[in-house]
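J.: Predicted model and sequence below, questions to follow.
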Amino acid sequence: MDINLCIHHLGLNANQYRLTQNPPPHEIIEWNGDDPQPTQSELETAWAEIEADANYQAHLTDPTLRYPK
């Protein structure tokens, strides 16, 4: 699961956060912002929605196709 994509998908990218490392697998170690930190369940739901997205699947096949659109 790519937490960066999940946060973008959830519309929480106006917040600041730090991850244990940039490439997945990673975890949130710091969260600063007006929105509450997403729960593990919210992140997993977002990831399932991302994986089901045809644009994401196209990006996996051809990384030159930018995701998210």
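T.: Structure received. Numbers count the residues shown, from 1 in each chain.
J.: Neighbours of Asp53, how many?
T.: Asp53 has 16 neighbouring residues, counting by other C-beta atoms under 10 Å. All C-beta spots, glycine's among them, are computed from the backbone N, C-alpha and C.
J.: my bad, Tyr67
T.: There are 15 residues near Tyr67, going by other C-beta under 10 Å.
J.: Enumerate every residue touching it.
T.: The neighbourhood of Tyr67, defined by C-beta atoms under 8 Å, 6 or more residues apart in numbering, consists of 5, 53, 55-56, 58-59.
J.: Can you give me the separation between it and His59?
T.: 4 Å (C-beta to C-beta, to the nearest Å).
J.: where along this structure do the strands fall?
T.: 16-19, 28-32 (DSSP state E).
J.: of all the ones you listed, which gets the most neighbours per residue?
T.: Scoring the strands of the chain by mean neighbour count under mean count of other C-beta atoms under 10 Å gives strand 16-19 as the most buried, with a mean of 14.
J.: circling back: adding mean pLDDT and distance to Ala46, write the strands of the chain out as a markdown table.
T.: Listed next are these as a markdown table, based on pLDDT from 0 to 100; distance: least, C-beta to C-beta, whole Å:
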| stretch | mean pLDDT | distance to Ala46 |
| --- | --- | --- |
| strand 16-19 | 98 | 14 |
| strand 28-32 | 98 | 13 |
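J.: Dump these to JSON lines, plus distance to Leu10.
T.: As requested, these are exported to JSON lines (distance: least, C-beta to C-beta, whole Å):
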{"stretch": "strand 16-19", "distance to Leu10": "12"}
{"stretch": "strand 28-32", "distance to Leu10": "12"}
